[in-house]
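In: prediction below, plus the sequence it came from.
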Amino acid sequence: MTSVKLPNHMGIIMDGNGRWATSRGLKRLAGHQEGAKTLKKLCLYIFKLGIPYLSVYAFSTENFNRSPDEVDGLMNLFILYFEKEFDFLNNLGIKVVFSGSRQPLSDKVLKTMDYITEKTKNNTEGTFNICLNYGGQTELVDMTKKICNLVLEQGLKIEDINSDLVEKNLYQDLPPLDFVIRTSGEQRISNFMLWQSAYAEYYFPKVYFPDFNEEECALAFLEYQNRNRRFGGITNEKTNN
Ligand code: FPP
């Protein structure tokens, strides 16, 4: 019998909250609130399936250019979820980590990020990576600075720089992304985990993120089964082999 092959590390670019709301005559923030509820259900579904790593794009560095109302609303939503709504992740044994820059996040947001990180740090059933105030190019710039520092201050030899060392100096030490989903029909990666997604399969469902429920996610996994992953080689191995 063929076993179902699921990704080891999946990523979700949660796009379309704003359009979901405006198409219903609601404020954009209502779309983010609905998106947050969807995310909670998806986390439960994905981690219960046994997928060990999930990364989501919650807030890009560019998202600070949105209206102060929307940015404040999103920050308050993050505080609510990190303080309370994501408690179930700890009960499931999931470790929560963050990728991104701390500046210029407010002390209140940072405090709740540190709270959930600390509370879940010894969990081993899975890892939930939240990209917040994140940009993939900035992650690579920050990694370059860290490695330059190792060369200049710690005597690291240039010839000892390799992809393992790069990975150890990204924001989080995560395995490669196997499968990246971007909702809302947009077909761009928008600076999401550039290094980690080098060989990822992409999937672009038309639905807005608040409507990306468990059934939609199951359809995405069906599609993943049928992709050939070659990693630059000549093997023609389907993901369910
Ligand atoms: C992009 O949709 C979505 C965001 C910028 C925010 C994503 C945040 C959530 C789903 C809230 C919950 C997250 C956590 C971690 C609790 P958009 O607003 O750009 O949609 P649009 O393209 O239709 O305008």
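Out: Looks like it came in fine.
In: residue contacts, the closest residue to residue 198 other than its chain neighbours?
Out: Computed as Cβ to Cβ, 6 or more residues apart in numbering, the closest residue to residue 198 that is not its neighbour in sequence is residue 176, at 6.8 Å. Where C-beta positions appear, they are placed from N, C-alpha and C, glycine not excepted. Residue 176 makes contact with 9, 196-200, according to Cβ atoms under 8 Å, 6 or more residues apart in numbering.
In: which of the residues you listed tops the neighbour count?
Out: Ranked by neighbour count (other Cβ atoms under 10 Å), those have residue 196 at the top, with 25 neighbours.
In: so that residue belongs to a strand, correct?
Out: No: assigned with DSSP: H, G, I helix; E, B strand; the rest coil, residue 196 falls outside any strand and is coil.
In: hang on, residue 214 packs against residue 42?
Out: Yes: when contacts are counted by Cβ atoms under 8 Å, residue 214 is listed as touching residue 42 (7.2 Å).
In: the more surrounded of those two?
Out: residue 42 (21 against 14).
In: name the SS class of residue 55, please.
Out: Secondary structure state of residue 55, per three-state DSSP, is strand.
In: so what's the residue count around it?
Out: Applying other Cβ under 10 Å, we find 26 other residues in the vicinity of residue 55.
In: could you do residue 83 as well?
Out: Residue 83 has 14 neighbouring residues, counting by other Cβ under 10 Å.
In: with adjacent residues omitted, what lies nearest to it?
Out: Nearest residue to residue 83, sequence neighbours excluded (Cβ to Cβ, 6+ apart): residue 112, at 5.0 Å.
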